[in-house]
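Engineer: Sequence first, predicted model second:
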Amino acid sequence: MSISFAIIDEAVQLWLGEWLAAFFNPQKRIFWGYLLSSLVIAFLWLRLVKKTNLVSSAKQIFGRQVWASRSAMTDYKVMLINTMLMLILSPRILAKATVAYLVFDSMHFLFDGRPYLSIILPQWTIAFSFTLFLFLLDDFARYWLHRWLHKVPILWSFHKVHHSATVLNPFTVFRTHPVEAVLFSIRSALVQGITTAIFFFFFGDQVNLMMVLGASIFTFSFNLLGSNLRHSPVSISYWKTLECILMSPAQHHIHHSTAKEHIDKNFGVALSVWDLMFGSLSFSKAEDHLRFGLSGEHSCEHHSLKDLYIAPFRQAMGEIIRPFSRIRLSIFQKNSV
């Protein structure tokens, strides 16, 4: 009995430690530095651009309707539950080291066993190229996975958990179904593994471990410059030209909008150039007053943990069975004639 309690106690401590560590890890979106920088940017935007007075600015940022709403409370619960689930699932998900090995081995076969090209470049050039390539490939992969999560009915059954939020705050980014979290973990492993294998193949020992493990300066800058404002009560827009390249917080608000003209728009994460290239870009408008959530569905279901975790499996199964039901109906109708 004492051993069981010890295991449970250790598991709880590990779970809480993992959750709290996210606030002090620069590779996590809710790192305290990113939250603080987003707060400063939001406050300056409201005061200097929107000319909102001090009290109104504080209410919009810290209002109870944002942080203590039923939607926000669900965000916190889902984050805690998913932290525990991913502790269990993460060791069993595809590792980037495995991907790197398989890709590296395949490149040996394709290039007839050549380990790497004998190109000697300055270390900073390789480091910058590695970081830029990883950032672009990662953002491109995020765009397409995000787009498929909307376009493929089975995947949408799980992704709609994120879009069920009726109020946006920085913790809404963690309001995801575990199936979606696993898909993004696999995507991350593939992107990092492929990038690492390619650079090790062509540059060999010139690629050091710190370069591979270090945080991307582009991702760090994206987070520091207000990535958390994508899910926030403050809608910050850019110039139209800039919104063709970078995804503004206001554009991501459009992505969460229930308005018919905003459906399936702005799938990009850091860059909006992918949306521009593939026809899903929508620009922000100063007069936009958006409503968030799932259109045409009862909001009372959006914040139930049971519905958020269990219902997507039922809906996904329904999408899998539907084609077979149509075939069965078609056969029945032919036999009836």
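Structural biologist: Nice, thanks for sending it over. Numbering: from 1, shown residues only.
Engineer: Check which helix or strand the closest residue to residue 240 other than its chain neighbours maps to.
Structural biologist: With Cβ to Cβ, 6 or more residues apart in numbering as the criterion, residue 240 has its nearest non-adjacent residue at 5.7 Å, and that residue is residue 283. Placement of C-beta: from N, CA and C, glycine included. Counting by DSSP states H and E, residue 283 is held by no secondary-structure element, helix or strand.
Engineer: How far does the longest helix along the chain sit from its chain's centre?
Structural biologist: When the chain is scanned for its longest helix (criterion: DSSP state H), the result is helix 123-151. Distance, stretch centre to chain centre, for helix 123-151: 13 Å (Cα atoms, centre = their mean, to the nearest Å).
Engineer: do stretch 38-56 as well
Structural biologist: 26 Å.
Engineer: What residues of stretch 71-81 count as buried?
Structural biologist: By 16 or more other Cβ atoms under 10 Å, the buried positions in stretch 71-81 come out as 71-72, 74-75, 78-79, 81.
Engineer: nope, stretch 303-310 is what I was after
Structural biologist: 303, 307-309.
Engineer: Next, please give the residue ranges for the strands of this protein.
Structural biologist: Ranges of strands in the chain, per DSSP state E: none exist.
Engineer: middle-most residue in it, spatially?
Structural biologist: Centroid-nearest residue in the chain: residue 173, 6.7 Å away (criterion: Cα atoms, centre = their mean).
Engineer: rewinding a little: among the buried residues of stretch 303-310, which two are most distant?
Structural biologist: 303 and 309 (12.1 Å; Cβ to Cβ).
Engineer: hmm, back to that, mind putting the buried residues of stretch 71-81 into JSON lines with distance to residue 189 and pLDDT?
Structural biologist: Formatted as JSON lines, the buried residues of stretch 71-81 follow (distance: Cβ to Cβ, whole Å; pLDDT from 0 to 100):
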{"residue": "71", "distance to residue 189": "31", "pLDDT": "94"}
{"residue": "72", "distance to residue 189": "31", "pLDDT": "95"}
{"residue": "74", "distance to residue 189": "28", "pLDDT": "95"}
{"residue": "75", "distance to residue 189": "26", "pLDDT": "95"}
{"residue": "78", "distance to residue 189": "23", "pLDDT": "95"}
{"residue": "79", "distance to residue 189": "22", "pLDDT": "92"}
{"residue": "81", "distance to residue 189": "23", "pLDDT": "92"}
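Engineer: So which of those residues is the closest to residue 52?
Structural biologist: Nearest to residue 52 among those, with distances taken as Cβ to Cβ, is residue 72, at 21.6 Å.
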